[in-house]
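> Quick one, fold the following:
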Amino acid sequence: MADLSDPKIDEAYQDVRSDKTDTNWLLVDYESDRSDKLQLTATGSGGLEELREKLDDSKASYAYVRVQYANDKESKREKFILVVWIGPQCKVMRKAKVCPSFALPPALSLGRCMVDAGACRSRFTRRTSRACCACSR
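Just a heads-up that it's a prediction; the model follows:
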C-alpha cells in the first residue's frame with residue numbers, strides 16, 4: 001500500500017472537500033521511481049483544465065478533483081472524482097504497482113466516481129467530466 005504519511009496531502013484533501021476554499025484539485029505523485037511514498041505535487045483552483053497541464057507523461061499520479069455538475073439552471077451539485085493517471089512513458093514496474101483500489105486510503109476514496117483517465121491528455125477533461133456525469137445518475 002502506498003505511504004500517505006505526508007500531512008500536506010491531508011491538508012490539501014480537506015481544502016478540496018471544503019466549500020470555503022477555492023482549491024478544487026490536488027495532485028499526488030510518488031516520491032521516486034522506487035518509492036511507495038506519495039507526496040503532494042500541486043493543488044489548484046482551475047479545475048480539470050489546470051490539472052491536465054500538471055500531469056507528467058513519465059509518472060503515475062493520483063488526483064482528487066471537485067467539480068460542479070448541474071442538470072439545469074436550478075440544481076447544482078458538487079461531485080468528487082479520483083483520477084488515476086498513468087503516463088505513456090511511465091516505467092513498467094511503476095505501472096504494475098498502481099492499483100486504484102488499494103493504493104489510496106479510504107479518505108481519498110470518498111469520491112463517488114473513480115476515473116481511469118488513461119494516457120490521453122487531449123481527451124482528459126472530456127472523458128473525466130462525462131464519467132462524473134454518468135456516475136451521478
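> May I see the buried residues of stretch 88-102?
90, 94, 98 (16 or more other Cβ atoms under 10 Å). C-beta: built from backbone N, CA, C; applies to glycine.
> right, I mislabeled it, should have said stretch 56-74
59-67.
> So which of the residues you listed are in strands?
60-67 (DSSP state E).
> Which one of those residues is nearest to K8?
Y64 (13.3 Å; Cβ to Cβ).
> quick one, strands of this protein?
For the chain, strands defined by DSSP E occupy the ranges 25-30, 38-44, 60-70, 76-86, 113-116.
> just those: most buried one?
strand 25-30 (a mean of 23; mean count of other Cβ atoms under 10 Å).
> Tell me which strands it pairs with, and in which orientation.
strand 38-44 (antiparallel), strand 60-70 (antiparallel) (DSSP bridges).
> what does it contact?
2, 4, 9, 12-13, 15-16, 36-48, 50-51, 54-56, 59-66, 94 (Cβ atoms under 8 Å, 6 or more residues apart in numbering).
> now stretch 33-42
Residues from elsewhere that reach stretch 33-42, judged by Cβ under 8 Å, 6+ apart: 1-6, 8-9, 12, 26-31, 54, 61-62, 91, 93-94, 97.
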